[in-house]
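Q: pasting the sequence and the predicted model now:
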Amino acid sequence: MDDFEAFAAAARARGFDEALVREWEAGHETPVHTHPFDAEALLVRGEFWLTVDGVTRHLQAGDRFAVVRGTPHVERYGAAGATFWVARRGGT
């Protein structure tokens with residue numbers, strides 16, 4: 001899927017409240033944090049490392065990932081930064 005509007009429509013059809021484009025600068029790191037919403041995302045540019053429950057995944061363009069609300073996780077972005085499309089459900 002290479003069209004954000006199609007991604008957003010598919011997410012709404014699956015019960016998600018919103019879809020956003022998120023862009024992160026090169027080398028950005030977020031310490032352990034949680035979100036008040038469920039998230040499902042598609043990485044469309046760059047790379048990043050997502051750590052959940054002590055397991056780190058290296059994600060690259062084309063990879064999908066999900067984080068359930070309230071799940072502690074860490075994000076670390078690559079040398080070129082990253083862009084992903086994310087669908088959110090619940091929370092604020």
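A: Yep, it's here.

Q: may I see the buried residues of stretch 30-47?
A: By neighbour count on 16 or more other Cβ atoms under 10 Å, the buried set for stretch 30-47 is 35, 37-44, 46-47. All C-beta atoms are positioned from the backbone trio N, CA, C, and that covers glycine.

Q: and these, which is closest to residue 25?
A: residue 46 (10.0 Å; Cβ to Cβ).

Q: distance from the chain centre to the helix or strand that contains that closest one, please.
A: Per DSSP states H and E, residue 46 falls inside strand 38-52. With Cα atoms, centre = their mean, to the nearest Å as the basis, strand 38-52 stands 4 Å off its chain's centre.

Q: now the element after it, going C-ward?
A: strand 55-60.

Q: just the CA trace of that following strand, in CSV.
A: Output in CSV follows, covering the C-alpha atoms of strand 55-60 (Å, rounded to 0.1, in the frame of the first residue of the first chain):
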residue,chain,number,x,y,z
VAL,A,55,12.8,-7.6,22.8
THR,A,56,14.1,-5.2,20.1
ARG,A,57,12.9,-5.3,16.5
HIS,A,58,14.7,-3.5,13.7
LEU,A,59,12.0,-2.1,11.4
GLN,A,60,12.6,-0.9,7.9
